[in-house]
Each structure stands twice: as C-alpha cells, then as structure tokens.
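# Here is the input, now give the coordinates:
(2 chains)
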Amino acid sequence: MIREVIQAHVEGVAKKLGIDMPVILDFPAELAHGDYSTNIALTAAKALKLSPHEVAEKIVKEIGTIEGVTKIEIAGPGFINFHLAREAFVDVVKGIDERWGRNDHVKGYKVMVEYTDPNPFKQFHIGHLMSNAIGESISRLVDFSGAEVKRANYQGDVGPHVAKAIWGIQKLSLDAHHAADLGKAYAAGAEAYENDQKAKEEINIINAKVYDRPDTEINKIYDAGRSASLAHFEELYKVLGTKFDFYFFESETAPKGLAIVRAHPTVFEESDGAVVYKGEKVGLHTRVFITSRGLPTYEAKDLGLAEMKAEQWPFDLSISITATEQSGYFSVMLAAMKEVLPDIAKKIQHVSHGMMQLSGGKMSSRTGNVVTGESLIAEMRSQALGKMEGRELGDEKEKIADTVAVAAIKYSVLKQATGKNIIFDPEQSLSFEGDSGPYLQYAHTRALSVLAKAVEKAEAKNPPEQVPEFERLLPRFPDIVFRAAKENEPHYVTTYLTQLAGAFNSWYAAEKIIGTEHEEYKLALTKAFAQTMKNGLWLLGIQAPERM
RNA sequence: GGCCCCGUAGUUCAAUGGAUAGAACAGGAGACUUCUAAGCUCUUGAUCGAGGUUCGAUUCCUCGCGGGGCCA
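Numbers count the residues shown, from 1 in each chain, chains lettered A, B, ... in the order given. Take a look at the predicted model:
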C-alpha cells in the first residue's frame, strides 16, 4: 500500500537526518492539504535547533520523489503534505472487494463479547438497545481484525425483581405468558414494594419461594414468565441483527460465584455477617460479595460468570459492555478476581458506555418510566413506512421499514463516543435526514440503483483526470476500521461513513454516470463506494437494503 | 464527604497536542422536467471560567463553576 511506502521513505530520511522520533502519517482534515501528512518537522525542530520550516525543507529535499506521489509540499507551520497520483487511487478502487477494510491484527485470537444483558421479567428498554448496538459493532470490529468472535448475553433470571413481577402478575391477574404483562407487573410490584408494607412482606415470601421447586403456583408463573421474556428478547435480537452464541444466567452464576468466594477466606473478609472484599488495599472501596443472609451479590455472580465463560469457551479476551454506572463496581470486582482467578482476570476487558437519558429525566423501570425497545422500533418503523409511500417496493416494504428503523436507532447510539451519555428526545434525536442511519443506507441504495442498470460495464480503467472527493476518502477506510477496533470506538466508522456518503451524494448530484465519457470508471467507482458503504454499515450492525 | 465520567453553534454530536474548530437539525436563500428529492448548492451561528505546561491546547495538568453516575 502507498501509505507504507510513504511511511518508509519518511522514516528512512528522518533516521538519516538524526531525527529520533516516531514518524506519524496523518490524514489531513482538509483534503486540499493532501492525502497524507506528517508533523515530524514540527516535533523534531527543537532537537535539531532549526525552525520547523527548515527541517521540513531538509526532509523534502532528501525524500526526492516517491512513486505514486505527485506532490510533496510544506505547508502551514511545517507540515509535510503528500498528494497521491491519479494512478494510486485507481489501484485502491481496483482492490476493493468484500474483504475491504479487514486486517489480520489479532488473527487467531478468541474474543468473547458480552452485551445487551436484559433481565427476564423486566422490560427491554432503550438502554439495552444502546448496549446491543455498541456490543454488536465492537464484535464486528473485532471480527474484521481477524479474531474469532463469540457473542454472549448475561441475564438476571433470579433476584428481587422476579418476585416483584410475580407478585404483580398475581395481584393484577395478568398473564405471565405475555411479555408486555411482565413489564407492567414488575412496575406494580416495585412500586408496592416501596410504599406498601404488606406487599413488601408478600414479595419477600415469594422471593424465598421462587427457589423452592415444590411450590407449584409460583413456579408455574416463574417458568411461564421466564420463557415468555426470553422468547420476546429473541424476536428483538432478530430485528436488531444479533445472534448470540452463549447465554448465561444468574441462576447459574450465583452458586458458582458463591463457591468461589467461600473458597477464598483469606481474600474476602467477614463484616457484620456479610462477606466483603476490601478494595481499599488496591485503592478502591469495599464491596459486599455475600450478604448477611447468605446470598451472593452481583459481584460474586460476576466471578462465577467469568469462570463459566472460560470453561465453556477458553478465550484470549473477554469484553463486557456495560453502562458507566457500573464501572466503579466493575473495577472492585475485577480487583477481587485478580486475586482469586488471576489467569482469567488478566483477559477481562470492560467497555463502559454512557447512559440513555430521557430528555425529561432519568429512566427507571421501577417506576415504569421507560421507553421500551419494541415501542421505539415500532414508532420508527411507522415513520419509515410513511416515507416509503408511493415507492414501488412490493412486499419487501415491512422488512425494509424494520431495517431503516433499526438503522436510525443504532446510528444515533454509534455516532458518538462510547463513554458519553445520550440525551434521548424521541421527537428530535432520531432523524431520517442528514447525519443519520437512513442517510447512509439511502446513499448505498442510490449507488446500487445505478449499478443495476450497467454494472457489467464497470471497469477501473480510463479514469477522468479529476479525482472526486469521495474517491480520495476511500483509501482511508482500512485505517479508520483499525483505529475503531483498537479503541473500541465504533463512532470513528460512523463519522467516516457520513463524510463519505455526503461526498458521494454531492458527486452523484453533479455527475452523470451512465452514458458518459468515463462511464466504465465511474461505474467502478460507484461500485467501490457501494462496497465500502456496505462493509462499513455491516461494522455498525446496520443492514444495507438494496432498495428503500 | 470520597471516587469516576462529562461541559464545543439555539439543539444533537465530531475534531490520534497541529493548519481556517467540522457535520446534522432548526432558521434564511436557491437549483433541477438527468441514473431514487430520505438527496444537492449557498448562508447565519460555538470551545464553561481562571491559571499552568508547549513552538502550538477543544484535547494534557491545577483550581473553580455546572451536569450525570457510583460508593458510604
């Protein structure tokens, strides 16, 4: 690749001039500044006791010429800019296929990514959509980096929330076979638990009985509710485009975690009847692992989870995607894990994402103040159907509406840095115009629409002299993907695709493709764009429909 | 009280310590009887404050102020 060639030239010259600093080749933000740029003259100036401009001149003179580079110039405070030759872009276009953007950076690694993590008996809300969007994209970025990826989902099928839901089912005469009823039941139970002493006692009794298999009535509700929830989640995963390889449940991790904690009396300490881990010894805080009533907490369960993961699929790396509110908890849990499961602990990575906030205030499934995943998707879907009115899409319409709806939602999550909160205003934040998932899909379908008419003529030869902006952006794709994967930041891909799609749309509006002088090259270019967009959207977990 | 995250146009988001701080939405104007107008072109508009490090700070450090979260 041309990038490596330039890099090697500059490094060679730098070494020759006695510059002992890493050479970094950037993409200039402004395309007018060239295709690659380095600030080595700026960073080296002090050590060489010369002005940045003088250093740059020396370097440029020493480089001379590079094959595939037409112009090397010094600009601004001392940047060295490289302009690629026409032919270099033709080579890039020629090389774009289904594997475009992939690399072998972690080839042979086994990586498990755990995300989404909804709780049976509770609602699947937009926070879970957020975790799903980020986790799925990170999984795919890891896949593009050459690793073998397994997707895992960890769900809380035991605990007080279950008892609250069961109580609600009984009191309100709801049907545990219906996922929507469970959400209502939970909200009612949670509310009563806080405000009604009698209800609280009843719920505590249920909580104790859930694990007593002989009690048939409660267990019937439990079994019905659990499978109704899980079946409902599966429908959502199908629409969202996630297929999990592993499912872990708290009912399984709890006993395992309990055993791990009990087996390490020197690591954990007794405190008021509870078993705690004193995080202070590693600069953190104390957390309870087993309550005074002998029940394992989330902390203990997570130890069990880590061990289960490693047993079922020995991994090189396990990435957990959780909300930022859990990062304090996670670091203490991980510190404890380093002591009791050291071999596993060093392979654990935590990605914490921001919170979805309703513009009105914090969302809470306890009060029923939530936007559920399905209601949001349904709303987006109907908007999409409205936009499609008058288009001849036949019986694909419903399916396309789903992919557009999901694209809008995922894009709104993946366009910003992972750690930041998302202010979610249902009226405003999900758009189908500009800077949106559907915008990317739309650019892709337009390209396909052109190709459908004359794809057989596409050939990367006889290019027009002028290199359009979007063609100049194409070589950046693999680097963008690499960086996004390295930093677990899908938004680099999102930002890039938006820029690329915008540039393509401008070109498309200004240029006629079919039946023009450079038809075959323009078609090849359109094809290259479509492939880049398709691969990029795939990395975001967004489908690229052929028509919309 | 301790710890973590965040603060950029009216709004929602970008900007591996670099060049003129980018988009989109909203607002204003416009083109096209051309391959999908969910599109295109033009336009108004921003770095919370005070110090510090640096040739250069939205980015790093310190202290404030403001928002979110976790813990006791």
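
# Kindly report the residues of the stretch 151-300 of chain A close to RNA strand B.
A:His285, A:Thr286, A:Arg287, A:Val288 (Cβ under 7 Å from any atom of the strand). From N, CA and C alone the C-beta is placed, and that goes for glycine too.

# could you dump the residues you listed to CSV with secondary structure, pLDDT and neighbour count?
Converted to CSV, those look like this (DSSP: H, G, I helix; E, B strand; the rest coil; pLDDT from 0 to 100; neighbours: other Cβ atoms under 10 Å):
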residue, secondary structure, pLDDT, neighbour count
A:His285, coil, 90, 12
A:Thr286, coil, 92, 13
A:Arg287, strand, 94, 20
A:Val288, strand, 94, 19
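
# farthest-separated two in these?
A:His285 and A:Val288 (11.0 Å; Cβ to Cβ).

# partners of A:Phe248 in the sheet?
A:Tyr154 (DSSP bridges).

# Quick check: phi and psi at the closest residue to RNA strand B within the stretch 51-200 of chain A.
Using Cβ to the nearest atom of the strand, the closest approach of the stretch 51-200 of chain A to RNA strand B is made by A:Gly76 at 3.1 Å. Here is the backbone geometry of A:Gly76 (degrees, to the nearest 10): phi 60, psi -140.

# per-residue pLDDT, it?
With respect to pLDDT, A:Gly76 scores 88.

# What's the local residue count around it?
14 (other Cβ atoms under 10 Å).

# Next secondary structure element downstream of the worst-scoring helix or strand of chain A on mean pLDDT?
Ranking every helix and strand in chain A by mean pLDDT, DSSP states H and E puts strand A:356-358 at the bottom, with a mean of 74. Using DSSP states H and E, the helix or strand that directly follows strand A:356-358 along the chain is helix A:373-387.

# contact partners of that next one?
Under the criterion Cβ atoms under 8 Å, 6 or more residues apart in numbering, residues A:123-126, A:128-129, A:236, A:239, A:397-398, A:400-402, A:404-406, A:408-409, A:426, A:430, A:432, A:438 lie in contact with helix A:373-387.

# residues of the following helix or strand past it that come out buried?
From helix A:373-387 onward toward the C-terminus, using DSSP H and E, the following helix or strand is helix A:397-414. Buried residues in helix A:397-414, counted by 16 or more other Cβ atoms under 10 Å: A:397, A:400-414.

# Just name the closest of those to A:Gly159, please.
Distances from A:Gly159 to the buried residues of helix A:397-414, taken by Cβ to Cβ, are shortest for A:Val413, at 27.0 Å.

# Is the residue nearest to that closest one when sequence neighbours are not counted part of a helix or strand, or is it coil?
Nearest in space to A:Val413, with sequence neighbours left out and distances taken as Cβ to Cβ, 6 or more residues apart in numbering, is A:Ala133 at 4.2 Å. Taking DSSP: H, G, I helix; E, B strand; the rest coil as the rule, one finds A:Ala133 in the helix state.

# do you know how far A:Ala133 is from A:Phe124?
13 Å (Cβ to Cβ, to the nearest Å).

# So which of the two has more stuff around it?
Neighbour count, other Cβ under 10 Å: between A:Ala133 and A:Phe124, A:Ala133 has more, with 28 against 25.

# you'd agree the more buried one is up against A:Leu414?
Yes - counting by Cβ atoms under 8 Å, A:Ala133 touches A:Leu414, with 5.8 Å between them.

# Tell me the residues that contact both of those two, please.
A:Leu540.

# Please enumerate residues in contact with stretch A:498-507?
A:415, A:435, A:439-440, A:443-444, A:446-447, A:468-470, A:473-474, A:529, A:532-533, A:536.

# remind me which residues of chain A are low pLDDT?
Across chain A, the ranges flagged by pLDDT under 70 are A:213-215, A:358-369, A:426-429.

# is it true that A:His232 touches A:Phe124?
Yes - using Cβ under 8 Å, A:His232 makes contact with A:Phe124 at a distance of 7.2 Å.

# which residue does chain A bring closest to RNA strand B?
Counting by Cβ to the nearest atom of the strand, chain A gets nearest to RNA strand B through A:Gly434 (1.9 Å).

# Please give me every residue in contact with that residue.
Contacts of A:Gly434 (Cβ under 8 Å, 6+ apart): none.

# Reduced to three states, what does it come out as?
Assignment for A:Gly434 (three-state DSSP): coil.

# Backbone torsions only: list them for it.
Dihedral angles (degrees, to the nearest 10) for A:Gly434: phi 50, psi 170.

# how much space between it and A:Lys415?
12 Å.

# what does A:Asn119 give?
On the measure of Cβ to Cβ, A:Asn119 and A:Lys415 end up 27 Å apart.

# cool, and A:Asn488?
15 Å.

# Close to RNA strand B: what parts of the stretch 1-150 of chain A are there?
Checking the stretch 1-150 of chain A against RNA strand B by Cβ under 7 Å from any atom of the strand, the hits are A:24, A:26, A:28-30, A:32-34, A:37, A:39, A:42-43, A:45-46, A:52, A:75-77, A:79, A:81.

# could you redo the last one with a cut-off of 6 Å?
A:24, A:26, A:28-29, A:33, A:37, A:39, A:42-43, A:46, A:75-77, A:79, A:81 (Cβ under 6 Å from any atom of the strand).

# among those residues, which are in strands?
Judged by DSSP state E, strands contain the following of those: A:Asp26, A:Ser37, A:Ala75, A:Phe79, A:Asn81.

# which of these sit farthest apart?
A:Asp26 and A:Ala75 (12.7 Å).
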